[in-house]
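Asks: with the input below, show me the fold.
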Amino acid sequence: MLLRVLGTAAGGGTPQWNCACPGCTGARRHPARRRLHDGLALQPADPGAWFLANATPDIAGQLESHRTLLPDAGQERTPVVRVVLTDAELDHTLGLLRIREASRIEIWCTEPVRKALTTRLALDEVLSPYTALRWNDLPLTGAERPTDIGGLHVSAVPLSAKRPRYAAGEPAHPAWSVALKVRDPATGKTALYAPALASWSEPLEQEIADSDCVLLDGTFLTDDEPPRTGFSRRTASAMGHLPVEGPNGTASRLCGRGGKTGRRILYTHLNNSNPLGDPDDPAHERLAGLGLGVAADRMVVNL
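Replies: Prediction:
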């Protein structure tokens with residue numbers, strides 16, 4: 001199984017078009033610091049089969065950056081695109097509009113996510129003149145059998161009831177935001193993808209322990225980062241993202257679980273205010289000492 005990292009930035013990307021913070025300014029000066037919206041493409045041993053974990057506003061360029069995700073010389077077009085959604089946030093779903101040239105888009109998501117996309121954003125109505133949408137239920141770990149997508153077994157770990165702003169009036173549901181658990185039955189290897197993490201839970205703890213590669217929410221380095229940088233008046237935790245460092249940070253919980261154990265634990269979904277966007281920031285060394293790392297755009301993980 002191959003995990004192709006399409007992007008590692010939180011909403012807006014880095015640099016963000018309307019921002020001149022140190023992170024965005026640094027990314028404009030040093031192109032290597034640029035980060036596209038967070039997303040993955042996953043492939044089994046057969047390189048012709050793949051699916052997306054989220055569809056970002058940058059999806060067209062992201063697919064172009066990985067040759068094996070493009071139609072080959074004997075195929076004029078990619079007929080079907082498969083997408084598994086972790087939530088209904090705009091930065092994870094707007095790419096569905098961008099891939100409307102496909103003959104069919106197959107989407108797996110939880111019930112509240114589908115309702116938000118079809119009623120609040122009217123995706124069915126908007127896209128039906130261009131392509132066919134086929135909706136599929138995303139099974140939850142422990143409650144249902146995983147679904148098979150291109151030869152990989154996929155299920156979801158409920159993370160939080162955090163809704164997108166445009167769906168603020170929708171009912172509460174524990175699976176508004178989920179982590180994706182992907183298992184390759186051919187090798188037994190498992191990956192866990194959790195780009196938005198509002199709280200720590202025992203089910204998440206167990207799934208991390210059982211995974212060979214974990215890509216985890218690294219939106220903010222510290223809890224006070226949003227108010228300190230002027231990004232928001234709320235703390236990281238109040239915005240639905242556990243910080244990486246600090247008393248309630250995820251790094252201390254994950255200490256020693258990566259590196260020498262053979263398990264890779266990588267942070268992704270970095271906000272433009274996050275110092276981890278600078279590869280020379282000392283925070284990288286601190287994480288490395290804990291056996292943790294930061295994912296990079298166009299990185300490929302082979303499991």
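
Asks: quick one: the lengthiest strand in the chain to chain centroid distance?
Replies: Longest strand in the chain by number of residues (criterion: DSSP state E): strand 152-160. With C-alpha atoms, centre = their mean, to the nearest Å as the basis, strand 152-160 stands 12 Å off its chain's centre.

Asks: got it, and stretch 178-191?
Replies: Distance, centroid of stretch 178-191 to centroid of chain: 15 Å (C-alpha atoms, centre = their mean).

Asks: can you list the buried residues in that stretch?
Replies: For stretch 178-191, the neighbour count (16 or more other C-beta atoms under 10 Å) marks 178-184, 190-191 as buried. (Glycine included, C-beta is placed from N, CA and C.)

Asks: end to end on that stretch, go ahead and measure it.
Replies: One end of stretch 178-191 sits 14 Å from the other (C-alpha to C-alpha, to the nearest Å).

Asks: hmm, back to that, what's the farthest-apart pair in the buried residues of stretch 178-191?
Replies: Greatest spacing in the buried residues of stretch 178-191, by C-beta to C-beta: 178 and 184 (19.5 Å).

Asks: what about the strands in the protein?
Replies: 2-7, 39-43, 51-53, 80-84, 104-109, 132-137, 147-149, 152-160, 177-183, 190-194, 213-217, 264-268, 293-294, 300-302.

Asks: could you dump those strands to a markdown table with mean pLDDT and distance to residue 70?
Replies: A markdown table is the format used below for the strands of the chain (pLDDT from 0 to 100; distance: least, C-beta to C-beta, whole Å):
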| stretch | mean pLDDT | distance to residue 70 |
| --- | --- | --- |
| strand 2-7 | 97 | 12 |
| strand 39-43 | 97 | 11 |
| strand 51-53 | 98 | 14 |
| strand 80-84 | 96 | 12 |
| strand 104-109 | 98 | 17 |
| strand 132-137 | 98 | 21 |
| strand 147-149 | 96 | 19 |
| strand 152-160 | 97 | 20 |
| strand 177-183 | 98 | 22 |
| strand 190-194 | 98 | 22 |
| strand 213-217 | 98 | 23 |
| strand 264-268 | 97 | 23 |
| strand 293-294 | 98 | 27 |
| strand 300-302 | 96 | 15 |
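
Asks: any chance of those in a markdown table, with distance to residue 90 too?
Replies: Below are these laid out as a markdown table (distance: least, C-beta to C-beta, whole Å):
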| stretch | distance to residue 90 |
| --- | --- |
| strand 2-7 | 14 |
| strand 39-43 | 13 |
| strand 51-53 | 16 |
| strand 80-84 | 15 |
| strand 104-109 | 14 |
| strand 132-137 | 17 |
| strand 147-149 | 23 |
| strand 152-160 | 17 |
| strand 177-183 | 14 |
| strand 190-194 | 18 |
| strand 213-217 | 17 |
| strand 264-268 | 18 |
| strand 293-294 | 24 |
| strand 300-302 | 26 |
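
Asks: so which of these gets nearest residue 247?
Replies: Of all the strands of the chain, strand 213-217 comes closest under C-beta to C-beta, at 17.0 Å.

Asks: any stretches of the stretch 1-150 of the chain with poor pLDDT?
Replies: Applying pLDDT under 70 to the stretch 1-150 of the chain flags the ranges 46-47, 73-74.

Asks: try it again with 90
Replies: 45-49, 67-68, 70-79, 142-144 (pLDDT under 90).

Asks: and the pLDDT for residue 258?
Replies: Here, the pLDDT recorded for residue 258 equals 81.

Asks: ok, it to residue 160 distance?
Replies: As judged by C-beta to C-beta, to the nearest Å, residue 258 and residue 160 stand 23 Å apart.

Asks: measure residue 63 to residue 230 for me?
Replies: Look at residue 63 and residue 230: by C-beta to C-beta, they are 34 Å apart.

Asks: which residue is the nearest non-sequential neighbour of residue 145?
Replies: The spatial neighbour of residue 145 that comes closest, neighbours along the chain excluded (C-beta to C-beta, 6 or more residues apart in numbering), is residue 139 at 6.3 Å.

Asks: one more: residue 281?
Replies: For residue 281, the nearest residue in space outside its immediate sequence neighbours is residue 275; the separation is 4.3 Å by C-beta to C-beta, 6+ apart.
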